[in-house]
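Novice: heads up, no residue letters with this:
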Ligand code: ATP
Ligand code: MG
């Protein structure tokens with residue numbers, strides 16, 4: 001990810017480069033324009049979290065690895081933001097674990113689905129669902145295009161990973177009895193609150209850690225982790241981090257600048 005206008009010495013270079021990658025994603029028809037606004041909301045929370053993976057997020061990632069490890073039919077839902085932000089790491093995890101990637105879009109057009117599928121295939125994805133019209137079914141209770149799902153993916157899944165998700169769908173998937181894992185930087189979103197496992201972290205940092213913990217999982221460990229996991233406590237810890245992290249940091253930065 002890079003843009004010639006952004007000097008590598010700029011203190012926010014990485015964040016700016018990611019913005020430009022998403023803008024390019026919109027120009028290429030991969031990301032929806034409203035995906036940029038969703039990203040902005042995520043960025044704001046990432047800033048408040050100090051742009052790093054906290055212990056509470058890693059705990060949720062370990063629980064995600066355990067849920068995927070023990071699932072009969074796991075699936076990862078892919079949208080136009082994740083296809084730009086972390087295609088390589090996401091495909092690597094999917095290929096290694098055989099957990100399929102299902103393209104499932106709020107702003108659905110057949111052109112965008114094909115373009116996202118191309119991105120995933122270019123990165124070597126072996127298991128891509130949501131592309132073949134004949135395999136698609138409609139779920140009850142959904143108003144948006146996200147009701148259209150793959151019969152071999154989200155419809156039959158027991159564990160669904162829905163990064164950067166809209167609250168309506170998360171609530172419906174949970175009501176259907178599925179275990180929902182989300183990656184959402186906003187711990188107050190409807191998605192974060194409704195999900196069974198909420199990773200309050202940037203999707204950019206998620207898949208490498210998921211892979212690490214998945215590789216060291218055993219059936220016994222997975223059961224113990226899931227039995228002991230408390231999502232409410234994870235969400236509370238994330239709010240505490242947001243409110244305490246900046247107290248000292250603000251004073252430090254202010255004094256440094258004004259000395
Ligand atoms: P909800 O519908 O759940 O109440 P919302 O309407 O505020 O949430 P949506 O646009 O539906 O937001 O969902 C996008 C979510 O993805 C937001 O909560 C945003 O914070 C989060 N998000 C955006 N970019 C990232 C990212 N890179 N990593 C993790 N989360 C992100
Ligand atoms: Mg929403």
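Specialist: Great, that's in hand. None of the values given here were measured: they were computed from a predicted structure. Ligands and ions are numbered 1, 2, ... in the order given.
Novice: drop to CA atoms for contacts and neighbour counts, all remaining ones
Specialist: Will do.
Novice: right, and residue 66 touches residue 226 too?
Specialist: Yes: using Cα atoms under 8 Å, residue 66 is in contact with residue 226, at 6.8 Å.
Novice: number of nearby residues for residue 156?
Specialist: 16 (other Cα atoms under 10 Å).
Novice: make that residue 215, sorry
Specialist: So residue 215, with other Cα under 10 Å, has 13 neighbours.
Novice: need phi/psi at it.
Specialist: Per-residue torsions, residue 215: phi -70, psi -30 (degrees, to the nearest 10).
Novice: that older thread, which of residue 66 and residue 226 has more neighbours?
Specialist: For the pair residue 66 and residue 226, the greater number of neighbours falls to residue 66 (25 against 17), based on other Cα under 10 Å.
Novice: next one: that one from residue 197, what distance?
Specialist: Counting by Cα to Cα, to the nearest Å, the gap from residue 66 to residue 197 is 11 Å.
Novice: buried ones in the longest helix anywhere in the chain?
Specialist: The longest helix of the chain (DSSP state H) is helix 231-258. For helix 231-258, burial by neighbour count (16 or more other Cα atoms under 10 Å) applies to 231, 234-235, 237-239, 241-242.
Novice: same deal with stretch 158-175?
Specialist: Result for stretch 158-175 [16+ other Cα under 10 Å]: buried residues 158-166, 168-174.
Novice: other SSEs contacting the helix or strand hosting residue 224?
Specialist: Assigned by DSSP states H and E, residue 224 falls within helix 219-228. Applying 3 or more Cα pairs under 8 Å, 6 or more residues apart in numbering; DSSP states H and E, we find helix 219-228 packed against helix 55-70.
Novice: the inter-axis angle of the helix it packs on versus helix 219-228?
Specialist: 130 degrees (axes from the mean of the first three to the mean of the last three Cα atoms, to 10 degrees).
Novice: is it true that residue 29 touches residue 118?
Specialist: No: when contacts are counted by Cα under 8 Å, residue 29 is not listed as touching residue 118 (11.7 Å).
Novice: higher neighbour count, these two?
Specialist: Legend: neighbour count by other Cα under 10 Å for residue 29 and residue 118, higher for residue 29 (18 against 15).
Novice: and that one, what does it touch?
Specialist: Neighbour list for residue 29: 111-112, 115 [criterion: Cα atoms under 8 Å, 6 or more residues apart in numbering].
Novice: ranking by neighbours, what's the top pick from those?
Specialist: Taking other Cα under 10 Å as the neighbour criterion, residue 112 ranks highest of these with 20 neighbours.
Novice: skip the chain neighbours and tell me the closest residue to that residue.
Specialist: With sequence-adjacent residues excluded and distances taken as Cα to Cα, 6 or more residues apart in numbering, residue 112 is closest to residue 30, at 5.5 Å.
Novice: contacting residues for the one you found?
Specialist: 80, 83-84, 112-113, 115-116.
Novice: where does the residue nearest to the spatial centre of the chain sit, in terms of helix or strand?
Specialist: For the chain, residue 163 is the residue whose C-alpha lies nearest the centre (Cα atoms, centre = their mean; 2.7 Å). Using DSSP H and E, no element contains residue 163; it sits outside every helix and strand.
Novice: and it, backbone torsions?
Specialist: According to degrees, to the nearest 10, residue 163 has phi -70, psi 150.
Novice: just checking, it touches residue 80?
Specialist: No: using Cα under 8 Å as the test, residue 163 is too far from residue 80 to be in contact (10.9 Å).
Novice: returning to that earlier point: and the longest helix of the chain with helix 55-70, angle?
Specialist: In terms of direction (the same axes, to 10 degrees), helix 231-258 departs from helix 55-70 by 140 degrees.
Novice: what is helix 231-258 packed up against?
Specialist: helix 33-48, helix 55-70, strand 197-199.
Novice: got the residues of the protein near ligand 1?
Specialist: By Cα under 6 Å from any ligand atom, the residues of the chain that approach ligand 1 are 38-39, 41-42, 164-167, 183-186, 189-191, 201-203.
Novice: any idea what residue 78 is bridged to?
Specialist: Judged by DSSP bridges, the bridge partners of residue 78 are residue 103.
Novice: right, I'll call it a day here.
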